[in-house]
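In: Let's see this in three dimensions:
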Amino acid sequence: MNNDAIIIKSPGEAVKPLKLEQIKRFNAPSLSRNPKIMYAFDQLGLVEQRGLGFQTLKELPEKHNLPLPLVSYEEPYMVIKFPRSNESLRTVSDNKAIEELNPDELRGYNWIRTQQDVSAKYYSEELGIVQRTASRHLAKMLDLGLIKTNNENPKSPKLRYLPID
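Out: I've put the predicted structure just below:
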């Protein structure tokens with residue numbers, strides 16, 4: 001723990017067949033590294049309901065005004081950093097481009113990280129901002145290399161923005 005984050009290091013890579021990208025987006029299915037121990041703990045009432053962890057993490061921004069944790073693999077550990085505030089996200093992240101985002105853009109970027117893909121309209125609606133502002137946010141994130149597109153024509157209604165893992 002430090003002033004900016006709580007950092008957890010767990011030995012080992014993601015449990016197969018899970019992928020690091022799924023964990024970074026907090027949409028991986030519940031899968032135990034050791035199912036026998038998990039079963040025993042469950043029978044003894046020592047664990048909570050399975051499958052709530054990622055959903056709980058995805059709710060941090062909305063429920064507690066906290067940014068999403070940052071997930072990485074730094075051999076030999078899976079590292080999860082829980083920034084203590086939206087501003088802490090700037091210092092905790094290894095991606096220095098985040099420092100260029102204003103607070104509203106940072107909130108939008110944090111939300112995009114949980115999505116498979118988003119349209120500009122959906123981004124606008126989700127953040128409660130006008131389409132023009134949403135377009136500026138997304139263009140800036142694209143320029144900074146924080147997100148990418150699905151390679152559709154920029155004027156196409158099929159254009160989607162995706163987080164970069």
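In: List the contacts of Glu152.
Out: Contact analysis of Glu152 by C-beta atoms under 8 Å, 6 or more residues apart in numbering lists Lys158, Leu159, Arg160. Where C-beta positions appear, they are placed from N, C-alpha and C, glycine not excepted.
In: Just name the closest of those residues to Asn86, please.
Out: Comparing the contacts of Glu152 against Asn86 with C-beta to C-beta places Arg160 closest, at 24.7 Å.
In: So what touches the top helix by length along the chain?
Out: Within the chain, and with DSSP state H defining each element, the longest helix by residue count is helix 131-143. For helix 131-143, contacts defined as C-beta under 8 Å, 6+ apart pick out 100-101, 104-105, 108-109, 112, 120-121, 123-124, 127, 129, 147-149, 161.
In: next one: stretch 97-105
Out: Against stretch 97-105 from outside (C-beta under 8 Å, 6+ apart): 86, 89-90, 106, 109, 127, 129, 133, 137, 140-141, 144-146.
In: for the record, mean pLDDT for the helix or strand following the longest helix of the chain?
Out: Counting by DSSP states H and E, the next helix or strand C-terminal to helix 131-143 is strand 147-149. Here the mean pLDDT over strand 147-149 is 96, rounded to a whole number.
In: May I have the strands that pair with strand 147-149, each with its orientation?
Out: strand 161-163 (antiparallel) (DSSP bridges).
In: Which residues does the strand it pairs with contact?
Out: Contact with strand 161-163 is made by 24-25, 112-113, 115-120, 123, 138, 141-142, 146-150, as judged by C-beta under 8 Å, 6+ apart.
In: Please, a PyMOL command that selects the buried ones among the residues you listed?
Out: Listed next is the PyMOL selection for buried residues among the contacts of strand 161-163, using 16 or more other C-beta atoms under 10 Å:
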select buried, resi 24+25+112+113+115+118+120+123+138+141+146+147
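In: Any buried residues in the helix or strand hosting Ala40, and which?
Out: In this assignment (DSSP H and E), Ala40 forms part of helix 35-43. Going by neighbour count (16+ other C-beta under 10 Å), the buried part of helix 35-43 is Met38.
In: so where's this structure shaky on pLDDT?
Out: 49-51, 165 (pLDDT under 70).
In: quick one: the strands in the chain?
Out: Under the criterion DSSP state E, the chain carries strands at the ranges 5-11, 70-74, 77-83, 147-149, 161-163.
In: how about these in a markdown table, adding distance to Lys36?
Out: Below are the strands of the chain laid out as a markdown table (distance: least, C-beta to C-beta, whole Å):
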| stretch | distance to Lys36 |
| --- | --- |
| strand 5-11 | 18 |
| strand 70-74 | 25 |
| strand 77-83 | 21 |
| strand 147-149 | 41 |
| strand 161-163 | 35 |
